[in-house]
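Participant: Take this sequence and fold it.
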Amino acid sequence: MGSERVVDGGIRKPRFLCLHGFRTSGEILKMQVGKWPESVLQKLDLVFVDAPFPALGKSDVEGIFSPPYYEWFQFNKEFTEYTNFDECLEYIEDSMIKHAPIDGLLGFSQGAVLSAALPALQAKGIALRRVQKVKFLIIIGGAKFKLESLAEKIYSSPIDCVSVHFLGKDDFLRPYGTELLKSFVDPVVIHHPKGHTVPRLDEQSLQSMLGFVDKIQKMLLLEEEGEDEAPDPEA
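Facilitator: Numbering: from 1, shown residues only. Sure, this is the predicted structure:
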C-alpha cells in the first residue's frame with residue numbers, strides 16, 4: 001500500500017495497522033473485521049499484517065479458520081514473562097514504516113494488548129521512535145500487560161490517545177478490558193453480547209463506531225489543513 005492516500009469524498013481515510021489475535025493471522029482478522037457494515041469499512045483504510053513468529057503450538061481457531069497461524073510474542077501461563085517482545089516491537093515499527101502513513105492501530109486479543117500499550121511506550125521513547133505518533137486505537141478484547149516493570153512504563157500515567165474499546169458480555173478477558181479502560185483518557189466503549197471475538201455491529205454499536213470514525217476523520221482533516229497553512233521555513 002506504500003504511502004498512497006486513500007480518499008473518501010475528499011477526506012483521507014484514517015489508516016490503521018491491524019494486529020491479529022494469538023495464533024491466528026492477518027487474513028483471519030481481515031475476515032473477522034469484514035463482518036462490519038460497509039458504512040464503517042468504507043471510511044477506514046485497514047492494513048492487515050501477520051505477526052513475526054509462526055505459531056509454536058495449537059491454535060484455538062483450528063477447524064474454524066485455515067492456517068498458517070502466527071503469534072506476536074511468547075509468554076508464560078501467568079502472562080508475566082514475555083519472549084521475543086523487543087523483536088515484536090521492532091517488527092511492528094518496520095510494518096508502520098512499510099505501510100506509512102499509519103494513523104492508528106486496530107488490535108484483537110494479543111494484538112489488542114499490544115495496540116493499547118504502544119502509544120504509551122512511544123510517548124516514553126521506548127518503542128516506535130522512527131514513526132509518527134499513533135493517534136487512534138480500536139481495541140477489541142484487550143487487557144493489560146502484567147509484568148510489573150513493563151506495566152509501570154505503560155500505565156503509570158493516563159494514555160491520551162483517541163480510542164474505542166469493545167467489551168464482550170461473555171468475554172473471559174472482560175474484567176481485564178474493563179481495567180484497561182481506566183488507563184485511557186475519555187475512551188469510547190462499545191458493549192456487545194458475545195464472547196472473545198470480533199463482534200458484528202448492532203444498531204447501537206454501529207452508531208457509536210460511526211461517531212468515532214467521523215471524529216477521527218475530522219481530526220485528520222484539521223491536522224492536514226494545519227500542515228497546509230504552516231509557513232515554509234525556507235521561504
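
Participant: Next, residue 150: secondary structure please.
Facilitator: At residue 150 the chain is in helix, as set by DSSP: H, G, I helix; E, B strand; the rest coil.

Participant: ok, it - contacts?
Facilitator: Listed by Cβ atoms under 8 Å, 6 or more residues apart in numbering, the contact set of residue 150 reads residue 82. Bear in mind the C-beta positions are built from the backbone N, C-alpha and C, glycine included.

Participant: Pull the number of nearby residues for the closest residue to residue 136 other than its chain neighbours.
Facilitator: In this structure, residue 136 finds its nearest non-sequential neighbour in residue 104, 3.1 Å apart by Cβ to Cβ, 6 or more residues apart in numbering. Counted by other Cβ atoms under 10 Å, the residues lying close to residue 104 total 23.

Participant: Tell me the bridge partners for residue 104.
Facilitator: Counting by DSSP bridges, residue 104 is bridged to residue 16, residue 136.

Participant: quick one: pLDDT of it?
Facilitator: According to the predicted model, the pLDDT of residue 104 comes to 98.

Participant: which residues touch it?
Facilitator: 14-17, 134-138, 216.

Participant: 6 Å - rerun?
Facilitator: The neighbourhood of residue 104, defined by Cβ atoms under 6 Å, 6 or more residues apart in numbering, consists of 16, 135-137.

Participant: how about these, which pair is most distant?
Facilitator: Farthest apart among those by Cβ to Cβ are 16 and 135. That separation is 10.3 Å.

Participant: Okay then, goodbye and thanks.
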